[in-house]
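S.K.: Quick one, what's the 3D model for this:
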Amino acid sequence: MLDVLVGGLMATLLVGSLYTLMALGITLTYSVSRFANFSHGEFSVIGMYIAVACFEGFKLPYYFSLPLSFLVPGAVLLVAYTFVYRPLEERRASPIIIVVSTFAVAIALRYVVYIWVDGYSREIGRNLLAYPPLITKPLAVFHGYTIADNFVLALVIMVALTSALHFFLHQTKTGRAIRAIADNVDLARSKGIKASLIKSFTWFMAGGLAGVGGVFWATYTTISPEAGWLVLLKAFAAAIIGGMVSINWTIAGAFIISFSENVLMRFVWLFFGISLAYQPLISFLAIAIVLLLRPQGLMGIKLRRA
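M.R.: Below is the predicted model of the structure:
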């Protein structure tokens, strides 16, 4: 019993860190643009395969891919925002139209990844369409749970990035501009803030965070071009718990989802025999319950009725 609890809590810390990194980007982009980006999971997939390419091509440990896994997904999301989402915003397209465009970008990116993976698989003579988790280095065993380097590094990077993000948003001119745009974009423009430039930077950061989260996801479970939808579900559940606009509550949402999957589900399996394969239902239930009972999230904006 104790081993189950300890194992679940340790997994909660690891997985919660991954969900945090991937969910923060959704909260950031929604805060400044007020539409949900359903292509977000694909940028985590790009980060995953950058880590795979570093390992297969250069035999480097996964953590050497972290800088590139921030820059490349960030740049790709910036391109998507610049050439797809921003033009629609400038034409005053409805949020529904823009959301549909995010699905189109997601599908396009997924098949670009498929094409690259297929070509690279042929080149190295190994199937990368269902790649096993990247190799990690065990550090210690605690109550039957193996603590590997990805556990420590994911926690450290999550804390470092979220702390840096909090400092950036509250203590720098650009960060305060992001908060001003999130509060009222028209008022921010009237104060001389270059909203277009600030939004672009925010979208770049969101893609980078998703890519870094993808690297650690690649050490945790099987890597596939189809992983984007599963990543998206977890990230959206966390962001929705946070009301889509609260950084702190998005972090809390990530760990609530992780705790439910890794502790509560283990005891449900232990006492009732319900398979752990039903873990994804946690995210669906969290989204449904929050949207039904408290659509503004645990600490988010209140939705005005028409």
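S.K.: pLDDT weak spots in the stretch 201-306 of the chain?
M.R.: 298-306 (pLDDT under 70).
S.K.: could you pull out the helices for it?
M.R.: Remark: helices assigned in the stretch 201-306 of the chain by DSSP state H, counting those that start in this stretch are 227-241, 247-259, 265-272, 280-293.
S.K.: Show me which positions of the first one end up buried.
M.R.: Across helix 227-241, burial judged by 16 or more other CB atoms under 10 Å covers 227-228, 230-241. Where C-beta positions appear, they are placed from N, C-alpha and C, glycine not excepted.
S.K.: Over to stretch 125-136?
M.R.: By neighbour count with 16+ other CB under 10 Å, stretch 125-136 contains the buried residues L128, Y131, L134, T136.
S.K.: which helix of this protein spans the most residues?
M.R.: helix 2-33 (DSSP state H).
S.K.: for whichever helix or strand comes after it, packing partners?
M.R.: Using DSSP states H and E, the helix or strand that follows helix 2-33 towards the C-terminus is helix 40-58. Contacts defined by 3 or more CB pairs under 8 Å, 6 or more residues apart in numbering; DSSP states H and E place helix 40-58 against helix 2-33, helix 66-80, helix 95-124, helix 195-218, helix 227-241.
S.K.: what's near enough to touch the residue lying farthest from the centre of the chain?
M.R.: Computed with CA atoms, centre = their mean, the residue of the chain farthest from its C-alpha average is S190, at 32.5 Å. By CB atoms under 8 Å, 6 or more residues apart in numbering, S190 lies in contact with nothing.
S.K.: circling back: now distance to H166 too, for the helices and strands packed on helix 40-58, in CSV please.
M.R.: As requested, the helices and strands packed on helix 40-58 are exported to CSV (distance: least, CB to CB, whole Å):
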stretch, distance to H166
helix 2-33, 11
helix 66-80, 18
helix 95-124, 27
helix 195-218, 13
helix 227-241, 17
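S.K.: Which of those sits closest to N248?
M.R.: The closest of those to N248 is helix 2-33. By CB to CB, the value is 10.0 Å.
S.K.: What are the buried residues along the closest one?
M.R.: For helix 2-33, using 16+ other CB under 10 Å, the buried residues are 4, 7-33.
S.K.: same deal with stretch 186-204?
M.R.: Judged by neighbour count (16+ other CB under 10 Å), stretch 186-204 contains these buried residues: A188, I193, A195, I198, K199, S200, F201, T202, W203, F204.
S.K.: what do you get for stretch 240-250?
M.R.: Within stretch 240-250, the residues scored as buried using 16+ other CB under 10 Å are I240, I241, G242, G243, M244, V245, S246, I247, W249, T250.
S.K.: Need the max-distance pair from these.
M.R.: I240 and I247, at 14.1 Å, using CB to CB across the buried residues of stretch 240-250.
S.K.: Closest one to G144 out of the buried residues of stretch 240-250, please.
M.R.: After measuring the buried residues of stretch 240-250 against G144 - CB to CB - the closest member comes out as I241, at 30.1 Å.
S.K.: if I look at that closest one, how far off is N37?
M.R.: Note on I241: its distance to N37, by CB to CB, to the nearest Å, is 17 Å.
S.K.: Please compute how far stretch 264-284 lies from its chain's middle.
M.R.: Put simply, stretch 264-284 sits 22 Å off its chain's centre (CA atoms, centre = their mean, to the nearest Å).
S.K.: Just the terminal-to-terminal distance for it.
M.R.: One end of stretch 264-284 sits 15 Å from the other (CA to CA, to the nearest Å).
S.K.: Is I147 located within a strand, as I assumed?
M.R.: Yes: judged by DSSP: H, G, I helix; E, B strand; the rest coil, I147 forms part of a strand.
S.K.: Give me the mean pLDDT for stretch 146-163.
M.R.: The pLDDT scores in stretch 146-163 average 95.
S.K.: and what of stretch 80-99?
M.R.: Stretch 80-99 carries an average pLDDT of 95.
S.K.: Report the buried residues of that stretch.
M.R.: A80, Y81, V84, Y85, R86, L88, E89, A93, I98.
S.K.: now stretch 273-285
M.R.: For stretch 273-285, burial by neighbour count (16+ other CB under 10 Å) applies to Q279, I282, S283.
S.K.: that older thread, which among the helices and strands packed on helix 40-58 is found nearest to M48?
M.R.: For M48, the closest of these is helix 195-218, at 4.2 Å, according to CB to CB.
S.K.: what about dumping the CA coordinates of that closest one to PDB?
M.R.: What follows is helix 195-218, C-alpha atoms only, in PDB (Å, rounded to 0.1, in the frame of the first residue of the first chain):
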ATOM      1  CA  ALA A 195       0.500  44.600 -29.400                       C
ATOM      2  CA  SER A 196       1.400  42.700 -32.600                       C
ATOM      3  CA  LEU A 197       5.000  42.400 -31.500                       C
ATOM      4  CA  ILE A 198       4.200  41.400 -28.000                       C
ATOM      5  CA  LYS A 199       1.700  38.800 -29.100                       C
ATOM      6  CA  SER A 200       4.200  37.300 -31.500                       C
ATOM      7  CA  PHE A 201       6.800  37.000 -28.700                       C
ATOM      8  CA  THR A 202       4.200  35.400 -26.400                       C
ATOM      9  CA  TRP A 203       3.300  32.800 -29.100                       C
ATOM     10  CA  PHE A 204       7.000  32.100 -29.600                       C
ATOM     11  CA  MET A 205       7.400  31.400 -25.800                       C
ATOM     12  CA  ALA A 206       4.400  29.200 -25.800                       C
ATOM     13  CA  GLY A 207       5.800  27.000 -28.600                       C
ATOM     14  CA  GLY A 208       9.100  26.800 -26.800                       C
ATOM     15  CA  LEU A 209       7.500  25.600 -23.600                       C
ATOM     16  CA  ALA A 210       5.500  23.000 -25.400                       C
ATOM     17  CA  GLY A 211       8.700  21.700 -27.100                       C
ATOM     18  CA  VAL A 212      10.600  21.400 -23.800                       C
ATOM     19  CA  GLY A 213       7.600  19.600 -22.300                       C
ATOM     20  CA  GLY A 214       7.700  17.300 -25.300                       C
ATOM     21  CA  VAL A 215      11.400  16.300 -24.600                       C
ATOM     22  CA  PHE A 216      10.500  15.100 -21.100                       C
ATOM     23  CA  TRP A 217       7.300  13.400 -22.400                       C
ATOM     24  CA  ALA A 218       9.600  11.500 -24.800                       C
END
